[in-house]
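Trainee: My questions are about this predicted structure, shown below with the sequence.
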Amino acid sequence: MGLQPVFRQFLHADSGAFAYLLADAATGDAVLVDPVLGDVPLYHRAMRENRLRLDRVVETHLHDDHVSGAWVLHVGTGAPIAAGSRSGIEVAQRLLEDGEIVDFGGESLQAIGTPGHTPGCMSYLWRDRVFTGDTMLIGGCGSAEPPGGNPGRLFDSLTRRLLTLPDETLVCPGHATGRRRVSCIGEERVLNPCLAGKSRDEFIATARAAPRIAPAARDIHLTVNARGGDPEGAHAAGQTREAAWADYH
């Protein structure tokens, strides 16, 4: 029997955002999904303890509620950043389309285009679980407000792309909902109040009536995260890997 793959879920206390570490235990190749800047030392420690090498940083979308750790991880380890082709993440070295595969060691992630929360949202299917970012949450879903949000597309992504997966597929969301950390497609199909028994028109009406995020806070995060979480634009200024990594290694 081969080695079991590595899987870790990290909860960022301040934002409630989840990040995920996946790795092929046999080769040590690892992927981080949706890393948060403040938790980069935690990810580094987990990789060092498990003797892993970061092969790829993968973003589900352009985040508007926390600062991404993608750029710091890239300059510190050399791991390229992958994100959806319409994500707006300017520093991504690989821009993914629906159905593309991200390989790491003997493992792979399949990109599933799930726009609506943002135009470039991607979910990622790995083995028996799907990383849904803010598209599908446990008992909820992401907002569809501007810039670029579209409630009709969000409904289609939820119902036509995610709820068509097998019932037993584990849902690994981008944000905590209460104390829950994981769900499954079958549960969300039946119990998610955003979806269960709702028509497309009803979903759109509910989404448009939802409270809005304060634009100032949202826009700051969008600007910074377009650069992978690099607040000073140091990637453009040619900052060395050693200097960018020093505070997080």
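Mentor: On my side now, so go ahead.
Trainee: ok, which stretches of the protein are strands?
Mentor: 6-11, 18-23, 29-33, 53-58, 81-84, 94-96, 101-104, 107-113, 122-126, 129-133, 136-137, 140-141, 170-173, 183-184 (DSSP state E).
Trainee: As CSV, these with distance to residue 203 would be great.
Mentor: (Each C-beta comes from the backbone N, C-alpha and C, glycine too.) Shown next, in CSV, are the strands of the chain (distance: least, C-beta to C-beta, whole Å):
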stretch, distance to residue 203
strand 6-11, 28
strand 18-23, 24
strand 29-33, 26
strand 53-58, 28
strand 81-84, 22
strand 94-96, 26
strand 101-104, 30
strand 107-113, 19
strand 122-126, 18
strand 129-133, 17
strand 136-137, 13
strand 140-141, 9
strand 170-173, 18
strand 183-184, 19
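Trainee: so which of these gets nearest residue 202?
Mentor: Ranking the strands of the chain by proximity to residue 202 (C-beta to C-beta) places strand 140-141 first, at 13.5 Å.
Trainee: Now do the closest one: which elements does it pack against?
Mentor: Contacting strand 140-141 under the criterion 3 or more C-beta pairs under 8 Å, 6 or more residues apart in numbering; DSSP states H and E is no other helix or strand.
Trainee: what does that strand contact?
Mentor: Outside of strand 140-141, the residues within contact range by C-beta atoms under 8 Å, 6 or more residues apart in numbering are 117, 134-135, 154, 158, 177, 192-195.
Trainee: Let's see if you can find the most crowded of the residues you listed.
Mentor: Ranked by the number of neighbours (other C-beta atoms under 10 Å), those place residue 117 first, at 31 neighbours.
Trainee: and the residue lying closest to that residue once chain neighbours are set aside, what pLDDT?
Mentor: Using C-beta to C-beta, 6 or more residues apart in numbering and skipping the chain neighbours, the partner closest in space to residue 117 is residue 142 (3.5 Å). Per-residue pLDDT puts residue 142 at 93.
Trainee: give me the number of residues near residue 142?
Mentor: So residue 142, with other C-beta under 10 Å, has 27 neighbours.
Trainee: next one: residue 93
Mentor: Neighbours of residue 93 under the rule other C-beta under 10 Å: 12.
Trainee: Hmm, it is touching residue 81, no?
Mentor: Yes - contact criterion C-beta atoms under 8 Å: residue 93 and residue 81 qualify, at 5.7 Å.
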